[in-house]
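Colleague: Would you be able to build a 3D model of this:
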Amino acid sequence: MTDAQTTTVDLVPMAKDQAARIAAGSPGPQDRWAEGFPREDDADPAGMLAAASEDPAPFGSYVLVPRAHGNVIGTAGFVPPADAAWNVPIPSEDTTDLICHHDLAPWNLVFADDGRWVFIDWDGAGPGSRLWDVAYAAHGFVPLHAAGNPADDAPRLRALADGYGLDEGQRRALPELIVSHTRGMYDLLRRGFETGEQPWARLYAEGHGDHWGPAADYIEANLEVWQRALLA
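Modeller: Just a heads-up that it's a prediction; the model follows:
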């Protein structure tokens, strides 16, 4: 893990020996703790890291350190249990980034009572990569469907990449990942139909495969178009 920064606070990866001291509420001579730290809820991320038998990367725990005074004011983090079982239908090759939604699509986006847009349906969440989630989101939100027009879709894909803040390397990798994720959805449905695994067998029988297969073909046939738009 590496440091993460906001405009006023640094999130610094917590070491295991540091985690043990925070969990016990017993600072060492090297520790700089703000008054009142640690609170009861600060001990949870620290305790999980201290008890982990293996390196939990890409997950772990952080201490929150305001730049104004440099004293630790809190903790944040997540360490999955050793027996964690993830239900990720189409896994990413890169699972070292963070916990991802894995189904970012219009049908999982709702308008909450407080005025926020909120993603629902987190049952498929699990280790993955930001770019894998963005690739899947591109299919649904651009959208990239078989009846699409590259002249219209390419600028919208560029807008998605700009809005997310993808760098040049991520933009070069994105089109192929969109193909892989879209094709992966078709393969999941087809395998489910062949094996009887639900809900994929039912969805394939209802015609969902007729969408995902041609969508993957359309995206793959226009890889150069997406690449030019993303790097222009």
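Colleague: just the strands in the protein please.
Modeller: Along the chain, counting by DSSP state E, strands occupy 4-5, 9-13, 60-66, 74-78, 98-100, 109-111, 117-119, 126-128.
Colleague: for the fifth one, packing partners?
Modeller: With contacts taken as 3 or more CB pairs under 8 Å, 6 or more residues apart in numbering; DSSP states H and E, strand 98-100 sits against strand 126-128, helix 130-141. (Glycine included, C-beta is placed from N, CA and C.)
Colleague: so can I have CSV of these showing mean neighbour count and distance to G60?
Modeller: Below are the helices and strands packed on strand 98-100 laid out as CSV (neighbours: other CB atoms under 10 Å; distance: least, CB to CB, whole Å):
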stretch, mean neighbour count, distance to G60
strand 126-128, 22, 13
helix 130-141, 22, 17
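Colleague: Looking at these, spot the one closest to G213.
Modeller: helix 130-141 (12.6 Å; CB to CB).
Colleague: Find the centremost residue of this structure, please.
Modeller: C100 (2.8 Å; CA atoms, centre = their mean).
Colleague: out of everything not next to it in sequence, what's closest to that one?
Modeller: Of all residues not flanking C100 in the chain, G128 sits nearest, at 3.5 Å (CB to CB, 6 or more residues apart in numbering).
Colleague: Bridged to the one you found, which residues?
Modeller: Beta-bridge partners for G128, by DSSP bridges, are L98.
Colleague: returning to what we had before: just put the strands of the chain in CSV and tack on mean pLDDT.
Modeller: Formatted as CSV, the strands of the chain follow (pLDDT from 0 to 100):
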stretch, mean pLDDT
strand 4-5, 62
strand 9-13, 89
strand 60-66, 89
strand 74-78, 85
strand 98-100, 86
strand 109-111, 95
strand 117-119, 95
strand 126-128, 90
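Colleague: Please tabulate these in TSV, including the columns distance to F37.
Modeller: Conversion of those to TSV gives the following (distance: least, CB to CB, whole Å):
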stretch	distance to F37
strand 4-5	19
strand 9-13	14
strand 60-66	9
strand 74-78	7
strand 98-100	26
strand 109-111	37
strand 117-119	32
strand 126-128	30
